[in-house]
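Novice: Need a 3D model of the sequence below.
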Amino acid sequence: MSSPGHPAPPDYATRYPAPGTAPPEASGAAALAAEQEQPWLRLDKRMLLVHPVDEVVKLLPVLLISLVVGTQSGNHTFGLIFVAVLVAYALLRWFTTSYRIGPVHVQLRTGVFQKNLLSVPRNRIRSVDVESGVLHRFLGLSVVRIGTGQQSGHGDSKRFELNALDSALVPALRAALLAGHREPAAADAETAQVGAAAGAPNRETEIAHWTPAWVRYAPFSVTGVLTVAAAVGLAFQYGLGKRIADSSAVSRGVDSMQHLGIAAAVALALVVLLVVASGLACVRYLIAFGNLLVTDNGKVLHVSHGLLKTRQTTLDRARLRGTSLREPLLLRAAGGAHLDAIMTGISAGKGQSTLLMPQSPRAEAERVAAVVLGGAHSPVPLTQHGPAARRRRYTRALIPVATLGVAAAVASALGVTLRWPLWAGLAALAVAATALAWDRCRGLGHATPPGWLITRSGSLDRSRASLEADGIIGWTVRQTYFQRRAGVATVVAATPAGAGHYEVLDLPADRAWALIETVTPGAGDIWSRTV
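Specialist: Residues are numbered from 1 along each chain as shown. A predicted model of the protein is given here:
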């Protein structure tokens, strides 16, 4: 096909007519002209079975209330009308959704009442994530999400999501979208390689796989507590919580706890909360991260996980700039950690997946980090930041407690009666603050192996970032008033990857520019002369 004045490349529209396939990436007027002549495709027809179920599940609380109201009034018409409207809307979603994958853009048209056209340049694609829920897996479908590393807005209308395609077509489509600028022959060769027979040799190397023993790390997070809080809030929002609170079983339980005393009742409630939260956290962990598998084929890292809903993430090694090892206090006490990749154009803080390892043994997470980064700088002893940094941690931790102690002492001197629990509480706070400061001192440090910056800090949520020097695009040396008084500075490495910046906290000021010079030779010398 061709358009006036623009001869099209050979048969872009006719060579890739099937859903879930893509032409090789191209640019120029000819490719744009050919793209306009490509047909718009619909999602798999099996989604006509999935969309109604999804809509009903999303509004299940409202639907249950309508059914309860209908039962009490003896009139079920409202509930039936509500279900019929949901089903009709879900079916219309399929008829009003279409997509087109051209050599220059991927485009998505959606909207039942408000039409939306989302167009993403092929050269801006940074990630292709694949998910499959229970119903999707039963029907052989997958949800494909295309990410550019930028947030264009909020809501489904701003997210490029193909829900859903035939699962058999997804590997070839993902490879084509992540292939970048290739000649058509090269793109065809890669597509053919990905879609080869199952008996073809597997060139991917397994880096890590999930084991059931890892579930013991699930309770050492706030996931279970948040789940309990969300369930309680939802129950009270729809009136179910009040009915439970007014029930005879709860009344008998309250009477029994009153006989135990306040302290015993609170302790028992905490134990029950801990048990329930831990159980929920373990269940969620199993569902979300069961069957985790991390593989590497030399060009991309594939991370797949999930028991009921599966998720597959592809991380391009060309955009890999390091790893972030996170160790929250409770998880660290259990000897665990979790690992994320630092990727250019992909931020975990924006809801984009950079997961390499969930809660798992720290030694295993460190091993995976070393394999992913080549192992050249692991393990590396970290350089401590000296007495000034240590003094600042103790000072900032103990000043609030000291302030409360002085206020209590003044109140006592003025004749206010203060009971012993207050003084015991202040002593406990002082001990906890001292322990926190000590732990923060232990966690503070950095290293500069050739070509890398490694920085670690924190206690309640400790993290260690290993950042490739080539991924750093700028440096900042920052000093607050109190840092200047202490003779320390914070060195900030700016990068388009991951969190966007990584800090070396409270480094002696006279070593700041030397660190920059070590990581980025020439930069520290140039900038230090301009200060």
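
Novice: C-alpha only now, for contacts and for neighbours.
Specialist: Noted.

Novice: tell me the contacts of Leu135?
Specialist: Neighbouring residues of Leu135 by CA atoms under 8 Å, 6 or more residues apart in numbering: Val50.

Novice: again, only this time at 10 Å
Specialist: By CA atoms under 10 Å, 6 or more residues apart in numbering, the residues touching Leu135 are Met47, Leu49, Val50, Val53, Asp54, Leu141, Ser142, Leu308, Lys309.

Novice: Confirm that it sits in a helix.
Specialist: Yes: per DSSP: H, G, I helix; E, B strand; the rest coil, Leu135 lies within a helix segment.

Novice: Next one: Leu169 from Val130, what distance?
Specialist: Separation of Leu169 from Val130 (CA to CA, to the nearest Å) stands at 12 Å.

Novice: Report the set of residues contacting both of these two.
Specialist: Ser142.

Novice: Tell me where the stretch 1-150 of the chain has strands.
Specialist: Counting by DSSP state E, counting those that start in this stretch, residue ranges of the strands within the stretch 1-150 of the chain are 98-101, 105-110, 116-121, 127-132, 141-147.

Novice: picking up where we left off before, which of Leu169 and Val130 has more neighbours?
Specialist: Here Leu169 and Val130 are compared on neighbour count by other CA atoms under 10 Å; more neighbours surround Val130, at 24 against 16.

Novice: so the more buried one touches Thr314, yeah?
Specialist: Yes: counting by CA atoms under 10 Å, Thr314 is a contact partner of Val130 at 8.7 Å.

Novice: so what's Ala30 scoring on pLDDT?
Specialist: In this model, Ala30 is scored at 86, pLDDT.

Novice: quick one, what contacts Thr96?
Specialist: Taking CA under 10 Å, 6+ apart, one finds Arg42, Arg109, Thr110, Gly111, Val112, Phe113, Lys115 in contact with Thr96.

Novice: Now neighbour count, distance to Ala402 and pLDDT too, for those, in JSON lines please.
Specialist: Putting these into JSON lines (neighbours: other CA atoms under 10 Å; distance: CA to CA, whole Å; pLDDT from 0 to 100) gives the following:
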{"residue": "Arg42", "neighbour count": "20", "distance to Ala402": "67", "pLDDT": "89"}
{"residue": "Arg109", "neighbour count": "18", "distance to Ala402": "61", "pLDDT": "90"}
{"residue": "Thr110", "neighbour count": "19", "distance to Ala402": "60", "pLDDT": "88"}
{"residue": "Gly111", "neighbour count": "15", "distance to Ala402": "60", "pLDDT": "83"}
{"residue": "Val112", "neighbour count": "15", "distance to Ala402": "62", "pLDDT": "81"}
{"residue": "Phe113", "neighbour count": "9", "distance to Ala402": "61", "pLDDT": "83"}
{"residue": "Lys115", "neighbour count": "11", "distance to Ala402": "61", "pLDDT": "85"}
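
Novice: Mind putting these into TSV with distance to His136?
Specialist: Supplementary listing: the contacts of Thr96 in TSV, determined by distance: CA to CA, whole Å:
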residue	distance to His136
Arg42	17
Arg109	22
Thr110	20
Gly111	22
Val112	22
Phe113	26
Lys115	26
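
Novice: follow-up on the earlier one: so what sits against both of Val130 and Thr314?
Specialist: In the contact map built from CA under 10 Å, 6+ apart, the residues linked to both Val130 and Thr314 are Arg174, Ser304.

Novice: how about the strands of the stretch 1-150 of the chain in CSV, adding distance to Thr518?
Specialist: Listed next are the strands of the stretch 1-150 of the chain as CSV, based on distance: least, CA to CA, whole Å:
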stretch, distance to Thr518
strand 98-101, 45
strand 105-110, 42
strand 116-121, 38
strand 127-132, 32
strand 141-147, 35
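
Novice: ok, Trp513 to Glu503 distance?
Specialist: Taken as CA to CA, the spacing of Trp513 relative to Glu503 amounts to 14 Å.

Novice: Go ahead and confirm Ala411 touches Arg419.
Specialist: No: under the contact definition of CA under 10 Å, Ala411 does not touch Arg419, with a separation of 11.9 Å.

Novice: Compare these two (neighbour count), which wins?
Specialist: The neighbour count for Ala411 versus Arg419, taken as other CA under 10 Å, is higher for Ala411 (13 against 8).

Novice: Model confidence at the more buried one, what's the number?
Specialist: For Ala411, the model assigns a pLDDT of 87.

Novice: How about the backbone phi and psi for the nearest residue to Gly290 once chain neighbours are set aside?
Specialist: Counting by CA to CA, 6 or more residues apart in numbering, Gly306 is the residue found nearest to Gly290 once chain neighbours are left out, at 5.0 Å. Backbone torsions for Gly306, taken as degrees, to the nearest 10, come to phi 120, psi 140.

Novice: Check the burial of Gly306 by counting its neighbours.
Specialist: The burial count assigned to Gly306 is 21, neighbours taken as other CA under 10 Å.

Novice: Please list all residues in contact with it.
Specialist: Gly306 makes contact with 131-133, 284-293, 312 under the criterion CA under 10 Å, 6+ apart.

Novice: Try it again at 7 Å.
Specialist: If you count contacts by CA atoms under 7 Å, 6 or more residues apart in numbering, Gly306 has them with Ile287, Ala288, Phe289, Gly290, Asn291, Leu292.

Novice: Looking at the residues you listed, state which has the most neighbours.
Specialist: Compared across the contacts of Gly306, Phe289 has the highest neighbour count, 24 neighbours, by other CA under 10 Å.

Novice: my guess is that residue meets Ser304, correct?
Specialist: No: checked against CA atoms under 7 Å, the pair Phe289 and Ser304 is beyond contact range at 8.5 Å.

Novice: so who does Trp210 touch?
Specialist: Each residue near Trp210 by CA under 7 Å, 6+ apart is listed here: Gly290, Asn291, Leu292, Leu293.

Novice: repeat that with 8 Å
Specialist: Taking CA under 8 Å, 6+ apart, we find Trp210 in contact with Phe289, Gly290, Asn291, Leu292, Leu293.

Novice: so where do the strands sit in the stretch 251-400 of the chain?
Specialist: Residue ranges of the strands in the stretch 251-400 of the chain, as given by DSSP E, counting those that start in this stretch, are 293-296, 300-305, 310-316, 320-328, 336-343, 355-361.

Novice: Glu37: how many residues sit nearby?
Specialist: In terms of burial, Glu37 registers 16 neighbours under the definition other CA under 10 Å.

Novice: so how far is Thr417 from it?
Specialist: From Glu37 across to Thr417, the span is 85 Å (CA to CA).

Novice: do the same with Val410
Specialist: Applying CA to CA to Val410 and Thr417 gives a distance of 11 Å.

Novice: Could you do Ala333 as well?
Specialist: From Ala333 across to Thr417, the span is 39 Å (CA to CA).

Novice: Equivalent analysis for Gly522, please.
Specialist: Note on Gly522: its distance to Thr417, by CA to CA, is 65 Å.

Novice: cool, and Gly133?
Specialist: 62 Å.

Novice: Right, I'll leave it there.
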